[in-house]
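Student: coords please:
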Amino acid sequence: MADIILQGEANIPTKYGEFRMRAYSCSETDYVPTIVLLNDRTKLDKPVHVRIHSECITGDLFGSMKCECGEQLDLSMKIISEEGGLIIYLRQEGRGIGIINKLHAYRQQEKGLDTIEANKILGFEIDSRRYDTAINILKQLNIHNIILLTNNPEKLSALKEAGFESVERKSLIITPKKENKGYLKTKKDKMGHDVEVE
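Tutor: You can find the predicted model right below:
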């Protein structure tokens, strides 16, 4: 397999300030490369705020309230605009099962299953995501000390096991809504996420 490399970059003004957007892929013709949003004021030789965010079309793009993904992305951009850092946007929708299967899982949830039960009944793992691409990019950028913006213990473990000098966690606490309270409770109780929900 070819190495993932930087294929293109440009400055992108956002409501949280200007970021340097970079596209990483094995191919310059890749239609869905991994995206990095880098705050240009980031000091890469210091502890760097890093958000590894898996694509969520429903939450990030359309504002779905079934999850808190879009709110986590917004909060990460706000923190990074103020503190420096970067976002790595991985194209692994639906915890790695893709948007079509995610919609199938949503249909199962409409029948009363939680997110884990829905994945299992469809024959998928609870979480199929991988973080090797993100780790590769961080190492290409010579980042050694990370403040990881995440509630996910598996993501934290993946980076701790990758050989960085230090990896600390900063949780992204989002106020639950009635539409996602059950989902967040499942993440807390069954997946060990650092979530504030009753």
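
Student: dump the residue contacts of Gln72.
Tutor: 51, 53, 149, 151, 172, 174 (CB atoms under 8 Å, 6 or more residues apart in numbering). All C-beta atoms are positioned from the backbone trio N, CA, C, and that covers glycine.

Student: hmm, 7 Å instead?
Tutor: Applying CB atoms under 7 Å, 6 or more residues apart in numbering, one finds that Gln72 lies in contact with 172, 174.

Student: likewise Glu196?
Tutor: Going by CB under 7 Å, 6+ apart, Glu196 touches Ile173.

Student: now with 8 Å?
Tutor: Glu196 makes contact with 173, 175-176, according to CB under 8 Å, 6+ apart.

Student: in the lowest-mean-pLDDT helix or strand in the chain, what's buried?
Tutor: Counting by mean pLDDT, DSSP states H and E, the chain has its least confident helix or strand at helix 181-191, which shows a mean of 82. The neighbour-count check on helix 181-191 (16 or more other CB atoms under 10 Å) flags 183-188, 191 as buried.

Student: The spatially most central residue of the chain in helix, strand or coil?
Tutor: By CA atoms, centre = their mean, the chain has its centre lying nearest to His53, at 1.4 Å. Using DSSP: H, G, I helix; E, B strand; the rest coil, the structure places His53 in strand.

Student: and Tyr24, what element?
Tutor: Applying DSSP states H and E as the criterion places Tyr24 in strand 17-25.

Student: any idea which helix or strand comes after that strand?
Tutor: Following strand 17-25 toward the C-terminus (DSSP H and E): strand 34-38.

Student: helices and strands around that following strand, which ones?
Tutor: strand 17-25, strand 86-90, helix 132-140 (3 or more CB pairs under 8 Å, 6 or more residues apart in numbering; DSSP states H and E).

Student: can you redo the ones you listed as TSV with mean pLDDT, mean neighbour count and distance to Lys78?
Tutor: Below are the helices and strands packed on strand 34-38 laid out as TSV (pLDDT from 0 to 100; neighbours: other CB atoms under 10 Å; distance: least, CB to CB, whole Å):
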stretch	mean pLDDT	mean neighbour count	distance to Lys78
strand 17-25	95	18	9
strand 86-90	97	22	11
helix 132-140	95	18	20
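
Student: TSV please, covering these and showing distance to Arg107.
Tutor: Conversion of the helices and strands packed on strand 34-38 to TSV gives the following (distance: least, CB to CB, whole Å):
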stretch	distance to Arg107
strand 17-25	32
strand 86-90	25
helix 132-140	30
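
Student: Am I right that Arg41 is in contact with Glu82?
Tutor: No: in this structure, Arg41 is not within contact of Glu82 by CB atoms under 8 Å, at 9.9 Å.
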